[in-house]
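sequence first, predicted coordinates after that:
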Amino acid sequence: MDEKKRNEAYNKYVQAKIPKTRPWPSLFNSFWVGGVICCIGQGINDLIMLAFPSMAEQTAWTYTLIVLIFLASFLTGVGLYDRIGKFAGGGSIVPITGFSNSITSPALEFKHEGIIYGLCVKMFTIAGPVIVTGIVASILVGLVYLFI
């Protein structure tokens, strides 16, 4: 079999295995699930501000983010966040809960390899580049502000 026929056969095989998606329902689900996650975050923040009226707004948002990260990690641990992700796609990945999921999932998946080589190393497989990019960008912006 020559290379061209082999490539065509492989491409045909790949096309048969790719899951079929329906773009409009997927976009709609992403939009409304992401919106619900954001509304939950706003509700948590409102409850914190209601419970502690003298708290600074910035502090309340910090606690809100901590609660959202915890909830996403917990839901990942019990297997619910993966189902939400399959249903909502990008709508569950974009908020901070998706970042929490991207750290928790590999940590759970590779915990059998031990604390150092499994948990600590694999935890940042997906999120590591995002963290490094954020740190480098903040240093560069800080340097720009320092010299301007």
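All right, it came through fine. Note that the structure is predicted; figures quoted are calculated from it, not measured.

contacts for the helix or strand where residue 138 lies next, please.
Per DSSP states H and E, residue 138 falls inside helix 128-147. Helix 128-147 has contacts (CB atoms under 8 Å, 6 or more residues apart in numbering) with 99, 102, 124. No exception for glycine: its C-beta is placed from N, CA and C like everyone else's.

which one of those residues is nearest to residue 83?
Distance to residue 83, by CB to CB, is smallest for residue 102 among those, at 16.0 Å.

low-scoring stretches of this structure, by residue?
Across the chain, the ranges flagged by pLDDT under 70 are 1.

tell me where it has helices.
With DSSP state H as the criterion, the chain has helices at 3-17, 23-51, 57-77, 80-88, 90-93, 96-109, 121-122, 128-147.

got those helices as TSV, with mean neighbour count and distance to residue 115 columns?
Shown next, in TSV, are these (neighbours: other CB atoms under 10 Å; distance: least, CB to CB, whole Å):
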stretch	mean neighbour count	distance to residue 115
helix 3-17	9	36
helix 23-51	14	31
helix 57-77	16	17
helix 80-88	16	23
helix 90-93	20	27
helix 96-109	20	10
helix 121-122	18	10
helix 128-147	10	17
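
circling back to that earlier point, and the helix holding residue 138, how far out from the chain's middle?
21 Å (CA atoms, centre = their mean, to the nearest Å).

contacting residues for the spatially most central residue of the chain?
By CA atoms, centre = their mean, the chain has its centre lying nearest to residue 98, at 2.0 Å. Residue 98 is in contact with 72, 85, 92, counting by CB under 8 Å, 6+ apart.
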